[in-house]
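**Student:** Kindly generate the corresponding structure for this input.
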Amino acid sequence: MPQRMLAGLSVLVAIFAAAPWWMPPWMLFIASGALAKGMAALGLMLLLRGGLVSFGHALYFGIGAYAAGLLVLSGITEFLALAVLGTLATLLVAVILGAFVSRYRGIFFGLLSMALSMVFYGLLIKMQSLGSSDGFNLGGIHLLSIPMQGTAGQVPTYLMTLVLSVLAAIGIDKFLRSRYGLLTKALRDNELRVEYLGQSVRQLVLLNYIIAAGLAGLAGVLSAVAVGHIGPEMAYWSTSGEFVFMVILGGLGHVAAAFIGAGVLSAVQAVAYAVAPNSWQFIVGASLLACIVFLPEGLWSLLKRFGRRA
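**Tutor:** Numbers count the residues shown, from 1 in each chain. The predicted structure is shown next:
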């Protein structure tokens with residue numbers, strides 16, 4: 001990464017780290033949700049780099065959230081324990097389902113992932129013990145005796161979400177620069193040549209699938225803690241589409257692009273709903289269409305273009 005770009009990203013992270021001192025509470029709440037969903041979009045971006053489009057990424061987002069909710073109901077309220085155990089539960093499911101899903105490519109991969117997500121959504125709707133279609137609220141979550149919910153918990157929730165998002169971005173960036181990351185990019189162009197290099201394509205797809213699922217599961221935990229409520233809509237197909245929109249908005253050029261796309265989409269949604277509550281979907285759709293037409297490689301390409309001119 002160019003030193004100038006690295007310095008710019010470092011300054012940006014520092015600005016967001018100081019956000020609790022200059023952001024109003026409502027904006028801090030939106031930023032926490034955007035960072036959490038940006039982490040899920042980061043995993044989806046990894047799949048897209050390998051030529052795989054998942055329309056059911058919300059499956060693992062919902063699994064992570066509901067795993068955290070079940071842990072809270074069982075008496076475990078420590079945030080770090082929820083994050084670790086919720087992510088592990090998601091990874092376990094991803095290993096089982098990934099062994100089956102990794103056999104498919106193209107539209108079959110996308111539709112199968114969406115079908116699995118909708119099966120999970122249907123189960124959640126039918127389970128009265130988990131609130132059925134209404135879901136249930138989380139309460140009493142803390143980090144080393146510091147509350148993580150309510151007005152007093154917004155700052156620690158935001159800071160922990162920011163720290164985990166930065167660590168996830170650094171980890172994925174290193175992965176993309178590793179042998180497996182470079183082979184993932186080659187996977188999109190020619191699977192046969194990847195096999196000739198001695199790498200099993202199915203194992204590589206499975207590895208990327210599990211990593212993406214783990215990020216989505218952790219994002220589900222963070223989102224559940226930030227919002228304080230868990231509902232079946234977290235596993236619905238529209239949530240998966242939202243993650244796809246974020247990746248399209250941000251682009252595939254850099255790991256930061258996923259968070260840029262998540263932040264821009266969350267901001268557009270908030271503004272559109274405030275301005276036109278009855279037609280905010282039209283504004284969001286028009287914004288996405290404009291980005292596809294004028295910036296087909298995403299917002300990151302615009303930042304990269306400015307960097308070249310500088």
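
**Student:** all strands for the protein, in order.
**Tutor:** 136-137, 142-143, 146-147, 229-230 (DSSP state E).

**Student:** Mind checking the ones you listed for the one nearest to T161?
**Tutor:** The closest of those to T161 is strand 142-143. By C-beta to C-beta, the value is 11.5 Å. Bear in mind the C-beta positions are built from the backbone N, C-alpha and C, glycine included.

**Student:** neighbouring contacts of the closest one?
**Tutor:** Strand 142-143 has contacts (C-beta atoms under 8 Å, 6 or more residues apart in numbering) with 77-80, 148, 156, 160.

**Student:** got it, and stretch 261-269?
**Tutor:** Outside stretch 261-269, the residues that touch it by C-beta under 8 Å, 6+ apart are 30-31, 33-35, 37-38, 41, 242, 245-251, 280, 283-284, 287, 298-299.

**Student:** So the nearest residue to G250 once chain neighbours are set aside versus F175, what's the distance?
**Tutor:** Leaving aside its chain neighbours, G250 sits nearest to G261 (2.8 Å; criterion: C-beta to C-beta, 6 or more residues apart in numbering). As judged by C-beta to C-beta, to the nearest Å, G261 and F175 stand 19 Å apart.

**Student:** hang on, the earlier thing: could you check how far the residue nearest to G250 is from T87?
**Tutor:** G261 is 22 Å from T87, by C-beta to C-beta.

**Student:** May I see the buried residues of stretch 222-237?
**Tutor:** For stretch 222-237, the neighbour count (16 or more other C-beta atoms under 10 Å) marks 222-227, 229-232, 234-237 as buried.

**Student:** can you put these in CSV and add pLDDT and distance to N208?
**Tutor:** As requested, the buried residues of stretch 222-237 are exported to CSV (pLDDT from 0 to 100; distance: C-beta to C-beta, whole Å):
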residue, pLDDT, distance to N208
L222, 93, 21
S223, 92, 22
A224, 91, 25
V225, 90, 27
A226, 88, 27
V227, 87, 28
H229, 87, 31
I230, 91, 27
G231, 90, 28
P232, 92, 27
M234, 92, 22
A235, 91, 21
Y236, 90, 24
W237, 88, 21
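
**Student:** Could you work out the most separated pair of those residues?
**Tutor:** V225 and W237 (23.8 Å).

**Student:** what residue of the protein is the furthest out?
**Tutor:** Y196 (32.7 Å; C-alpha atoms, centre = their mean).

**Student:** Point out where the chain drops to low pLDDT.
**Tutor:** Within the chain, the ranges that satisfy pLDDT under 70 run 1-9, 150-152, 304-310.

**Student:** Now do the most centrally placed residue in it against S74, distance only.
**Tutor:** In the chain, the residue lying closest to the centroid (C-alpha atoms, centre = their mean) is A40, at 1.2 Å. Using C-beta to C-beta, one obtains 25 Å as the distance from A40 to S74.

**Student:** for I107, same thing?
**Tutor:** Counting by C-beta to C-beta, the gap from I107 to S74 is 40 Å.

**Student:** same thing with D189?
**Tutor:** D189 is 47 Å from S74, by C-beta to C-beta.

**Student:** tell me the helices in this protein, going along the chain?
**Tutor:** For the chain, the helices defined by DSSP state H cover 3-17, 25-49, 58-73, 79-101, 106-126, 150-177, 179-189, 191-196, 201-227, 237-250, 256-275, 280-294, 299-309.

**Student:** quick check: angle from the fifth one to helix 201-227?
**Tutor:** Between the axes of helix 106-126 and helix 201-227, defined by axes from the mean of the first three to the mean of the last three C-alpha atoms, to 10 degrees, the angle is 40 degrees.

**Student:** Buried residues of helix 106-126, list them for me.
**Tutor:** 109-110, 112-114, 116-118, 120-121, 124.
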